[in-house]
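Participant: Next come a sequence and a model predicted from it.
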Amino acid sequence: MLAVAVPVRLRFGAHLLGIHKPLTVIPTSSSSTRCFFLFPSPPPRNVSLRQTPRDLFRRNVSQTAAPAASDSVSVSFPKDSPLFVSFLNRVWKHVVQKGDTVIDATCGNGHDTLAMLKMVADESGKGSVYGLDIQEAALQKTSSLLEDSVTPNEKGLVKLFSKCHSKMHEVLPRNTSVRLVAFNLGYLPWGDKTLTTRSDTTLKALEAAKGILMDGGLISLVVYVGHPGGWEELKTVQDFITKLPVETWICSEFQTVNRSWSPVLVFIFKRC
Ligand SMILES: C[S@@+](CC[C@H](N)C(=O)[O-])C[C@H]1O[C@@H](n2cnc3c(N)ncnc32)[C@H](O)[C@@H]1O
């Protein structure tokens, strides 16, 4: 069982929610929009195809005590982080094109802003990255990272806003459609752990992102569940994606299932 091709321009493995093994991302191209297939490796013999990652996730989480309100458990990927980031960036790369407009909804230390800028910046000076964060400290870190990493011309393609991402549509020029909106939820690494994203504003931001996304675009989220409020935020995101009509949206989740409290990657594709 490999991919199922459906007669739309964004084609996707219909069995995606049953994937347990790493994915091979294989690009295809169409006239104006790049699309891709995701092929799962065959499942190992001791894994039942009836189990979904969500089943495994539930089992995984239920075996672990919830973090106390004042506590937060390790939420990063100390060993598999490069793999995780590389997977996320590869998915973005298959959607984003030079000259596109994209949004980093949670700038933080600026690593995602930088990665997105590299994907959209073209030699003629087209391409735009709009970055938002509610913390000035985060915007300053993002600005310094860009200063150190890109040319002044490239940096000129990034516009940073001290604003809640639920208002992302307000920072865009009129009638702008965006190819990618990326969220990296939770708190600023090495910053104030009490200043995290929140379910209510994340939900409003998802609605805003949905309204400005172009056909063939992507909303991606990294949802950390190991801090107070993180689990509730994941539930909010899951509730949002499961209600989206499949005729227009293809939604999937990925998680390392043999490690407690690992972040959940959520992809929301708008069909071409
Ligand atoms: C996990 S960090 C983001 C990491 C970042 N993407 C990077 O590459 O370093 C989450 C960020 O979201 C920001 N944030 C929290 N609530 C927000 C909101 N309502 N709107 C925009 N940003 C928010 C936090 O200030 C924090 O900097």
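Facilitator: In hand now; what should we look at?

Participant: what's the neighbour count on residue 220?
Facilitator: Counted by other CB atoms under 10 Å, the residues lying close to residue 220 total 21. No exception for glycine: its C-beta is placed from N, CA and C like everyone else's.

Participant: does the closest residue to it other than its chain neighbours have beta-bridge partners, and which?
Facilitator: If the residues on either side of it in the chain are set aside, residue 220 comes closest to residue 182, at 5.0 Å by CB to CB, 6 or more residues apart in numbering. Here residue 182 sits in beta bridges with residue 104, residue 220, as judged by DSSP bridges.

Participant: What's the local residue count around residue 182?
Facilitator: Residues near residue 182, counting by other CB under 10 Å, number 24.

Participant: That one and residue 112 touch, don't they?
Facilitator: Yes - contact status for residue 182 versus residue 112: in contact at 5.6 Å, counting by CB atoms under 8 Å.

Participant: just to revisit the earlier point, what's the spacing between the residue nearest to residue 220 and the ligand?
Facilitator: Per CB to the nearest ligand atom, to the nearest Å, residue 182 is found 7 Å from the ligand.

Participant: In this protein, which residue sits nearest the ligand?
Facilitator: residue 108 (2.4 Å; CB to the nearest ligand atom).

Participant: separation between that residue and residue 123?
Facilitator: Residue 108 is 28 Å from residue 123, where distance means CB to CB, to the nearest Å.

Participant: Spell out which parts of the chain neighbour the ligand.
Facilitator: Residues of the chain lying close to the ligand (CB under 6 Å from any ligand atom) are 106-112, 132-135, 138, 164-165, 184, 186-188, 195, 197, 201.

Participant: Report the central residue of the chain.
Facilitator: The chain has residue 220 as the residue nearest its centroid, 2.4 Å off, counting by CA atoms, centre = their mean.

Participant: Pretty sure that residue sits against residue 269.
Facilitator: No - with contact defined as CB under 8 Å, residue 220 does not count as touching residue 269 (9.4 Å).
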